[in-house]
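**Student:** sharing a model prediction with you, sequence too.
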Amino acid sequence: MDSQMDWHAARAALEWQVEMGVTEAISETPINRFEQVAPPPKAGVAPGVQAPAVPVLPVAEFDPVAEAESVARSAQDLTGLQAAMADYPHCELRKGARNLVFCDGVAGARVMIIGEAPGRDEDRIGKPFVGRAGQLLDRMLSAIDLGRDREAAQSVYITNVLPWRPPQNRDPKPDEMAMMLPFLKRHIALAKPEVLVVMGNISCQALLGKRGITRLRGHWAEAEGLPVIPMFHPAYLLRNPAAKREAWADLLDLHARLTKKV
């Protein structure tokens, strides 16, 4: 009778433990759960023989500038360069711009003018220097018998450091300029001008590695193997009409260089 009661008591105790969530029974031999268990040997490796270490190669970081250089070099003409710039996906400015602003004027002109970045009007139309600053630029060029719609020796070719408009016309960031600089250099090589005119601080920084247009203007420099004359940006002249005197002196200096009087 007592053994029968012991069996029922034991069963009741076991059922109670199961209801409480017990899933394992305590074995007679204690288990050291802090003991490290050796992993099973890899296939093809004999027990007791250490497998050769597999070298972990570092993951190469993506370099958008290096890709820009490669893409720009592959462009064989201006049409191909424009297409390459349109397809280049890594500059965030393209997401907020309406149009890629590539160029205006006559390809192959003796003078290549390099502005900073498109403004609202340029972004809307897709050509550089078409707003108020562009109208002033046209008058400045006409004063020394140059123009974007002229032929032969009187023509000019115009582009910008950046092909996309920065938000609120802010200054380009260093990484944006770095990504677009290979395209600009290739643009110069394909356009084959005789003289470069860099307008404004951003253009000077991109090609000359310097800022401070008030100090740089009036002094010839060199970039990409070509003579360079820094000049005030027409937008600056609209805000500071008194600087037009220095701009006129720079235009005369450019005209003298083109007519071989210096």
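**Tutor:** In hand now; what should we look at? Residues are numbered from 1 along each chain as shown.
**Student:** quick one: residue 100 is in a strand?
**Tutor:** No: counting by DSSP: H, G, I helix; E, B strand; the rest coil, one finds residue 100 to be coil, located in no strand.
**Student:** ok, residue 111 - how many residues close by?
**Tutor:** 25 (other CB atoms under 10 Å). From N, CA and C alone the C-beta is placed, and that goes for glycine too.
**Student:** that one touches residue 193, doesn't it?
**Tutor:** Yes: Residue 111 is in contact with residue 193 according to CB atoms under 8 Å; the separation is 6.1 Å.
**Student:** now list whatever residues contact both of those two.
**Tutor:** Residues touching both residue 111 and residue 193 by CB atoms under 8 Å, 6 or more residues apart in numbering: residue 157.
**Student:** can you pull up the most central residue in the chain?
**Tutor:** What sits nearest the mean C-alpha location of the chain, by CA atoms, centre = their mean, is residue 179, with 3.1 Å.
**Student:** hang on, isn't that one packed against residue 91?
**Tutor:** Yes: assessed by CB under 8 Å, residue 179 is found in contact with residue 91 at 5.1 Å.
**Student:** joint contacts of those two?
**Tutor:** Overlap of the contact sets of residue 179 and residue 91 (by CB under 8 Å, 6+ apart) consists of residue 64.
**Student:** and the residue nearest to the centre of the chain, its phi and psi?
**Tutor:** The phi and psi torsions at residue 179 (degrees, to the nearest 10) take the values phi -70, psi -30.
**Student:** ok, now residue 176?
**Tutor:** Per degrees, to the nearest 10, the backbone of residue 176 is at phi -70, psi -40.
**Student:** and it, how far is that from residue 170?
**Tutor:** Between residue 176 and residue 170 the distance, using CB to CB, to the nearest Å, works out to 10 Å.
**Student:** these two: who's more crowded?
**Tutor:** residue 176 (19 against 9).
**Student:** residues contacting that one?
**Tutor:** 91-93, 162, 166.
**Student:** among the residues you listed, which one lies nearest to residue 115?
**Tutor:** Comparing the contacts of residue 176 against residue 115 with CB to CB picks out residue 162 as the nearest, at 9.2 Å.
**Student:** surely residue 134 is in contact with residue 233?
**Tutor:** No: contact between residue 134 and residue 233 fails when scored by CB under 8 Å: they sit 11.0 Å apart.
**Student:** if we can go back for a sec, residues touching the residue nearest to the centre of the chain, list them.
**Tutor:** Here residue 179 is in contact with 64-65, 68, 88, 90-91 (CB under 8 Å, 6+ apart).
**Student:** ok, residue 75 touching residue 86?
**Tutor:** No: the criterion here is CB under 8 Å, and residue 75 misses it with residue 86 at 11.4 Å.
**Student:** higher neighbour count, those two?
**Tutor:** With neighbours defined as other CB under 10 Å, residue 75 and residue 86 compare such that residue 75 has more, 19 against 13.
**Student:** could you report the neighbour count for the residue lying closest to the more buried one once chain neighbours are set aside?
**Tutor:** With CB to CB, 6 or more residues apart in numbering as the criterion, residue 75 has its nearest non-adjacent residue at 3.8 Å, and that residue is residue 81. Neighbour count for residue 81, taken as other CB under 10 Å: 23.
**Student:** how about the host helix or strand of residue 81: buried residues?
**Tutor:** Applying DSSP states H and E as the criterion places residue 81 in helix 78-87. Within helix 78-87, the residues scored as buried using 16 or more other CB atoms under 10 Å are 78, 81-82, 84-85.
**Student:** and the residue nearest to residue 75, how far from residue 66?
**Tutor:** Distance, residue 81 to residue 66, by CB to CB: 17 Å.
**Student:** next one: residue 78
**Tutor:** Distance from residue 78 to residue 66, counting by CB to CB: 23 Å.
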